[in-house]
Structure formats: C-alpha cells, structure tokens
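[1] How does the following fold in three dimensions:
(chains A and B)
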Amino acid sequence: MELNIQKLLDLYFDGKTTTHQDKQLRTYFLGNTIKEEWLPYKSLFVGFQSSMNEKYIQPIDLPKKRGYSFWWASAAIIAFLIIGGNLYKPTHSYTEQEAHESYAEFKENVLLVSSHLNLGADRVAHLETFNKTTTKYLKKE
Amino acid sequence: MKNFPNKHLTEIEFLDTIDMFKDKLFRFAKRLLVSHEEAQDAVQEVVLKLWVQKEKMINYRNIEAFAMTMTKNYCLDRLKSKQAGNLQLIHSNYWDQERLEKKIEDRESVMLLNRLMEDLPIQQQMIVQLRDVEQFDFKQIAEIMNMSQGAIRVALSRARNTLKKALLKIHEYGT
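    Sure, this is the predicted structure:
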C-alpha cells in the first residue's frame, strides 16, 4: 500500500495521475494513518476536499418576461386602425374642403390615441422599475 | 453532461441544469476574485448570459465546460479592470470570511491551501482548481483553458511542485 502511495505521489507531482489515481490519493490522505514523511501533504488533499464544501446558496434571478397582454393590446389597436381604415368606404364623394377637414379630424384622433397609448406604456415602465427595485431590496435582506 | 432534446428549454429545465454546476462556477470565481460577493456576482452574471443565449445551448455538447469558460473570462476581465483602477485585492477579507464558515471541517487546511494558491500564477491557480478541486478530466480542462492537454499537465506539475515545496518548508520550519 505505502509503496503504491509513493508511486502515486511521484506521478501526482509530475501531473500524470489519472482521475482514479487522484481519488486513491485523496482517500489515503483523508484516512487516519498517514506515514510520517507524507504528513506535509495532508493539507493539500484535505484542503482540496474541504474546498468542495463551499456552495453557491444565493437564489438565481432570471429576468421576468414582459406580459404578453401589453403587446397584444398594442397590436390589436394598430390592427383595428388599419383594417377599419381599409373597410371604410365613403358613401358619397367629398369636396376638397370636406376631405381636408376630415383628414384633420382623423389626425387629431390618432394623435389622441397614440398619446394615451404612450401614457399607458410609461406606466408599465414605472411598474417595471418598481418591481426591480423592490426585488433588489427584498433580496438584500 | 445533459443534452437538451429540444429547443424549448423551460425556465425550470434551465435552472435544473444550472444547479448541477453552479457551485463549481462559484468556487472557480472565488478562487480568482477572492471576494465572496464578487464571486456571487460572477455566477449571477454568467447564468444570465447563459439564459439569454439558451437557444444556443443545445449546440454546446458540454454546457458545464462552456459555463466554466464564461466564468473564467468574466473573472479575468474583472481582474484586469481592477488592476487598471489600481484596486488592490484585499486578502484579509478572505480570511475573515473563511473563519466564519463553520461548515468547513478542515478550515486550517483550506486556509493554508488558499494562502499558498494565491501565490501561484493565475493560470496555475485555475488549473489546480479545475483538476484538484473540481476533478475535471484533462480534455475538459483543455477546453475551458483553451490550452493543449500537454501544456495543462506541465502547468499542473509546476503548480503542484510549488505547493509541495511550500508545504515541506512549512512543515520543517513552521509557518
């Protein structure tokens, strides 16, 4: 056994041991009876083994996906505007004056819709920051 | 190592995979960065990067080795920017931290070994950590370190002999 260990130690310090041989050495040095001349190496193998006791215990945070409903709502409004616009057939012809007027009205409406949409989106952003900050502080604790 | 049968890797599957090697990532990062907090940040960062490109993960046969490589690169970058900012590694923090860890049975051996390993060149520290602590095979270490297996063995032998000399000296003269 001891002759074998000397051989393994020589191989070990030459960087030539296999994983299996490393395990044999570890088992020997973790045992109770170690030959006097090899005692200095005990810290090496015990230290390597004990290093494994250190674990990563923090929970892992993955970024949360933004809810689908937000994107669906935006898409639905846009789709409605496009389809609605295409389906709409004028029942009588307009004068140029009337056409300009209705265009201005339409533009105003669309702007109104978009500003409301942005307002909504802004709030979602606030909510996200709020979420992030709260989890940060909750985690810290 | 686990391979993923399909592209739709769920959050739970992903976290299960990470669970298999997150301790190794942490110990590897801590070996390099010394600070407990910074090592935790490193793991979190690497996991996030893996999560973002999880679709690509099926292309990597060995995700564990890939994650170790990412950890290595992250830590080396951190060390580089620390040097640039003239920030010194505070070794004493490490000792206090270690003293508090009651779970470690053979604290003295771990502390001694940590101290001796800090004096090794960074590349040798990484190789000893991968081989002697985490017991990766040489093929995986070669992949993580982007070195040939022969070069790994040479560096490993040098590192082990340095540790051996230091231990013999301590044993002979004390401390």
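[2] how many neighbours does residue 11 have?
    No chain in the question, so chain A it is. Residues within reach of residue A:11, counting by other Cβ atoms under 10 Å in any protein chain shown, total 15. Heads up, the C-betas are built off the backbone N, CA and C, glycines and all.
[3] Let me rephrase: I mean chain B.
    With other Cβ under 10 Å as criterion, residue B:11 counts 12.
[4] give the contact list for it.
    Residues counted as contacts of residue B:11 (Cβ atoms under 8 Å, 6 or more residues apart in numbering or on different chains) are residue A:62.
[5] Equivalent analysis for the one 5 residues further on, please.
    Residue B:16 is in contact with no residue at all, counting by Cβ under 8 Å, 6+ apart.
[6] and it, how far is that from chain A?
    According to Cβ to the nearest Cβ, to the nearest Å, residue B:16 and chain A sit 11 Å apart.
[7] so where's chain B shaky on pLDDT?
    For chain B, applying pLDDT under 70 flags the ranges B:1-8, B:58-61, B:84-105, B:174-175.
[8] The longest helix seen in it packs against which elements?
    Longest helix in chain B, counting residues (DSSP state H): helix B:149-173. Counting contacts by 3 or more Cβ pairs under 8 Å, 6 or more residues apart in numbering or on different chains; DSSP states H and E, helix B:149-173 is packed against helix A:2-13, helix A:42-51, helix B:107-118, helix B:122-128, helix B:138-145.
[9] winner for burial among the ones you listed?
    helix A:42-51 (a mean of 22; mean count of other Cβ atoms under 10 Å in any protein chain shown).
[10] Centre-most residue in chain B?
    For chain B, the residue nearest the mean C-alpha position is residue B:28 (1.4 Å; Cα atoms, centre = their mean).
[11] after the helix or strand that contains it comes which helix or strand?
    Per DSSP states H and E, residue B:28 falls inside helix B:11-33. Using DSSP H and E, the helix or strand that follows helix B:11-33 in sequence is helix B:36-52.
[12] Mind listing what's buried along that next one?
    Counting neighbours by 16 or more other Cβ atoms under 10 Å in any protein chain shown, one finds that the buried residues in helix B:36-52 are B:36, B:38-44, B:46-47, B:50-51.
[13] which ones among the residues you listed come in contact with chain A?
    B:40, B:43-44, B:47, B:51 (Cβ under 8 Å from any Cβ of the partner chain).
[14] can you tell me if the helix ranked longest in chain A touches chain B.
    Looking across chain A with DSSP H, the single longest helix is helix A:96-140. No. Judged by Cβ under 8 Å from any Cβ, helix A:96-140 and chain B are separated, with a smallest distance of 10.6 Å.
[15] Output the contacting helices and strands for that helix.
    helix A:68-87.
[16] Find the nearest non-adjacent residue to residue A:11, please.
    Using Cβ to Cβ, 6 or more residues apart in numbering or on different chains and skipping residues adjacent in sequence, the residue nearest residue A:11 is residue A:17, 4.8 Å away.
[17] Any figure for the gap between that neighbour and residue B:156?
    10 Å (Cβ to Cβ, to the nearest Å).
[18] These two: which has the busier surroundings?
    Ranked by neighbour count (other Cβ under 10 Å), residue A:17 and residue B:156 place residue B:156 first, with 24 against 21.
[19] ok, and the closest non-adjacent residue to the more buried one?
    residue A:15 is the one closest to residue B:156 (Cβ to Cβ, 6+ apart), at 4.0 Å.
[20] Tell me the confidence at that neighbour?
    pLDDT, residue A:15: 96.
[21] can you tell me which residues contact it?
    Under the criterion of Cβ under 8 Å, 6+ apart, the neighbours of residue A:15 are B:152-157, B:160.
[22] Pull out the buried residues from these.
    Here, 16+ other Cβ under 10 Å leaves B:152-153, B:155-157, B:160 buried among those.
[23] List the residue ranges of chain A that fall below the pLDDT cut-off.
    For chain A (pLDDT under 70), the answer is A:1-3, A:65-69, A:89-94, A:134, A:136-141.
[24] and the closest residue to residue B:40 other than its chain neighbours, what are its phi and psi?
    Once flanking residues are discounted, residue B:40 sits nearest to residue A:58: 5.4 Å by Cβ to Cβ, 6+ apart. Main-chain torsions, residue A:58, degrees, to the nearest 10: phi -60, psi 140.
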